[in-house]
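> Attaching a predicted model along with its sequence, questions to come.
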Amino acid sequence: MLSHLPILQVILPLLAAPSCLILGRPALAWGFSFATSAAAMLISMLLLQQVWLEGPISYFLGGWEAPWGIEYCIDLLNAFLLLIVSSLSTVVLAGTRQSVAAEVEPNKQTLFYVSWLLCLAGLLGILATGDAFNVFVFLEVSSLSTYTLISLGRDRKALWASYQYLIVGTIGATFILIGIGLMYMMTGTLNMQDLAQRLPVVADTRTVFAAYAFVIVGVCLKLALFPLHLWLPNAYAYAPSAVTAFLAATATKVAVYLLIRFSFTVFGADFGAMDIPLHQLFIALGLIAVFSASLVAILQIDIKRAIAYSSVAQIGYMIIGLGLGSAAGLQATLLHLFNHALMKGALFMSLAAVALRMGSTRLDDLAGLSQRMPLTAMAFVLGGLSLIGVPLTVGFISKWYLVIATLEMGMWPVAVLILVGSLLAVMYIWRVVEVMYFRDPPASSQVSEAPVSVLLPLWLLVVANIYFGIDTALPVSVTADAAQALLGWGK
Amino acid sequence: MTDMLLTHYNYWVVMVLMMIGFYIVIAQGNLVKKLVGLNIFQTSVFILYISAGKVSGGSAPILDDAISVYSNPLPHVLILTAIVVGIATTALGLALIIRLREAYGSAEEKDIQEQNQC
């Protein structure tokens, strides 16, 4: 049983999704989805423990040996991400019952949970697999279910956001497919470790270079790197609140993982440096993302949309860490993956609570919210502080490691820009705090605090934001080893 | 040059189809036409894969004593999966267009964006 954990992790939500459809009633479907997600979380904890103690696990699907069969390869990096995705999915699901009941039409609620499970299965599949084509399949499983989830939003703009994302997402996925095809033509293999061994021999050919370009651009579309980010704000702003919390905490992280996996494991850390200054490009695009998205976030009148733009900015930080190309930079990126999942989970969950009680997340409607919903408002503030990077929160840890990594490379202007970027985050969080705490609520409002079932998971995330900001042992040691392994693998 | 054109003509077809599809996705304002463009774009990639599986003089990959050279069946299998994915995407896209048309009364990008502005 234990030896089958890598595949169980993926198969469980994949099989649970259609079973969920049979259950019919939304309440049952929710309970079942939550149980499935929790089981996936338990499996990922066991996997991380196993990898931490015994080293990477290699699992052959159906007993067919790699590189002929599909191999699932779990090392520290993806064990860590599997834990992030499955635990965030579980925590967010715990608090979504009422939010979904309020925002999604009754006859679509069961389908909502079916799509959620499919999306979870897709994301976990991308992380677990060691086969390049399998990545494409799971990418499409998660993408198609994401389009469905987004289109379930109340506003008709959700449909438009979903359609736009479908077009862009499909182009991105097809780019990745082209890249994988070109790699297969040159090497005759789809197994990632096998590719890593065979690609250096043909690395100087134009075909492999084209493959690299297609894969990187395709993945960057998926992770919403600066000029390719236009689908994200609408998709996050109009999707049901629970979906936004789930996607913001997991989907872009998985895309960043793919970028890391392809550029470090498959092509090797030295590959991109050959012909184009990819590292410098990443740092530049990351910085532009931080500044442009933060500035736009300050101007938004809908807070959900502002925080969605802030996601684009935060992805910028991750890409900067990646662009540094050093072990410290990579570690900062991995840390920020974990920390950003926690803070965005908390922020979007608190907005889900606000949307549940107020029916809106527009800035003007939040006046005096701290008097009506003190716990939710406080959760938003703490999440916001973490986003800014105030000490004793997780945001501080990842910013700290990122700044240290840039200084290590002697790039102090980049370090300064990162800090200035954090000030912009202060501005868009402060606007909300001001309205929530220093304005009087409209006398007519009869809003009460969010229900316990929403507050509990929300505060769990907030506490995690603070706990991992103080006791950093687990994420720091895991990411340090994962970064070392990534840079060592190519050599 | 002509040699390159003739021996690799299927790859040129792939490129041309890919660009036609991509152009339609960007240039067309009608949502259904955009989806058609997306389909052409995806189909070009299918041909790319299938071309890669062809072995000169190779027969269909069915085991027989008389045959020693087989075409590579793996890309074909891969592309069967990709075709299924493509159909699912098209179906979902068309379903979205129906819902969009119900909500906005139009399937033109221009009309929808105008209504989103106000």
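That came in fine, so what should we check first? Numbers count the residues shown, from 1 in each chain, chains lettered A, B, ... in the order given.
> Could you list every helix and strand in contact with the helix ranked longest in chain B?
When secondary structure is assigned using DSSP state H, the longest helix within chain B turns out to be helix B:74-104. The helices and strands touching helix B:74-104, judged by 3 or more Cβ pairs under 8 Å, 6 or more residues apart in numbering or on different chains; DSSP states H and E, are helix A:132-151, helix A:157-187, helix B:31-53, helix B:109-117. From N, CA and C alone the C-beta is placed, and that goes for glycine too.
> what's whatever residue of chain A ends up closest to chain B sitting at in phi/psi?
With Cβ to the nearest Cβ as the measure, residue A:156 is the residue of chain A nearest to chain B, at 3.9 Å. Per-residue torsions, residue A:156: phi -70, psi -20 (degrees, to the nearest 10).
> Would you confirm that it contacts residue B:103?
Yes - contact status for residue A:156 versus residue B:103: in contact at 3.9 Å, counting by Cβ atoms under 8 Å.
> circling back to that earlier point, turn the helices and strands packed on helix B:74-104 into JSON lines, including mean neighbour count, distance to residue A:389 and mean pLDDT.
Converted to JSON lines, the helices and strands packed on helix B:74-104 look like this (neighbours: other Cβ atoms under 10 Å in any protein chain shown; distance: least, Cβ to Cβ, whole Å; pLDDT from 0 to 100):
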{"stretch": "helix A:132-151", "mean neighbour count": "24", "distance to residue A:389": "29", "mean pLDDT": "94"}
{"stretch": "helix A:157-187", "mean neighbour count": "24", "distance to residue A:389": "29", "mean pLDDT": "93"}
{"stretch": "helix B:31-53", "mean neighbour count": "20", "distance to residue A:389": "40", "mean pLDDT": "92"}
{"stretch": "helix B:109-117", "mean neighbour count": "14", "distance to residue A:389": "34", "mean pLDDT": "87"}
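> and residue 25, what pLDDT?
Chain wasn't specified; assuming chain A. Looking at residue A:25, its pLDDT is 86.
> let's do chain B instead
Looking at residue B:25, its pLDDT stands at 93.
> what residues does the stretch 51-200 of chain A put near chain B?
A:133, A:136-137, A:140, A:144, A:147-148, A:151, A:156-157, A:159-160, A:162-163, A:166-167, A:170-171, A:174, A:177-178, A:181, A:184-185 (Cβ under 8 Å from any Cβ of the partner chain).
> Go again with 7 Å.
A:133, A:137, A:140, A:144, A:147-148, A:151, A:156-157, A:159-160, A:162-163, A:166-167, A:170, A:174, A:177-178, A:181, A:184-185 (Cβ under 7 Å from any Cβ of the partner chain).
> The residue of chain A closest to chain B and residue B:101, how far apart?
Per Cβ to Cβ, to the nearest Å, residue A:156 is found 11 Å from residue B:101.
> so which residue of chain B comes closest to chain A?
residue B:103 (3.9 Å).
> For burial, what's the neighbour tally of residue A:65?
For residue A:65, the count of nearby residues is 9 (other Cβ atoms under 10 Å in any protein chain shown).
> and it, backbone torsions?
Backbone geometry at residue A:65, expressed as degrees, to the nearest 10, gives phi -70, psi 140.
> again with the one 10 residues further on
The main-chain torsion angles of residue A:75 are listed as degrees, to the nearest 10 and equal phi -120, psi -170.
> and residue A:215, what does it touch?
A:176, A:179, A:262 (Cβ atoms under 7 Å, 6 or more residues apart in numbering or on different chains).
> quick one: what helix or strand has it in it?
Using DSSP states H and E, residue A:215 sits in helix A:206-223.
> buried stuff in that helix?
Buried residues in helix A:206-223, defined by neighbour count with 16 or more other Cβ atoms under 10 Å in any protein chain shown: A:208-209, A:211-223.
> export that helix as PDB, just CAs?
C-alpha atoms of helix A:206-223 as PDB (Å, rounded to 0.1, in the frame of the first residue of the first chain):
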ATOM      1  CA  ARG A 206      17.900  24.700 -33.400                       C
ATOM      2  CA  THR A 207      15.200  22.200 -32.800                       C
ATOM      3  CA  VAL A 208      16.000  21.800 -29.100                       C
ATOM      4  CA  PHE A 209      16.300  25.500 -28.800                       C
ATOM      5  CA  ALA A 210      12.900  26.000 -30.300                       C
ATOM      6  CA  ALA A 211      11.500  23.300 -27.900                       C
ATOM      7  CA  TYR A 212      13.000  25.200 -25.000                       C
ATOM      8  CA  ALA A 213      11.400  28.500 -26.200                       C
ATOM      9  CA  PHE A 214       8.000  26.900 -26.800                       C
ATOM     10  CA  VAL A 215       7.900  25.200 -23.400                       C
ATOM     11  CA  ILE A 216       9.100  28.300 -21.500                       C
ATOM     12  CA  VAL A 217       6.600  30.600 -23.200                       C
ATOM     13  CA  GLY A 218       3.800  28.100 -22.800                       C
ATOM     14  CA  VAL A 219       4.500  27.700 -19.100                       C
ATOM     15  CA  CYS A 220       4.800  31.500 -18.600                       C
ATOM     16  CA  LEU A 221       1.300  31.900 -20.100                       C
ATOM     17  CA  LYS A 222       0.100  29.500 -17.500                       C
ATOM     18  CA  LEU A 223       1.800  31.200 -14.600                       C
END
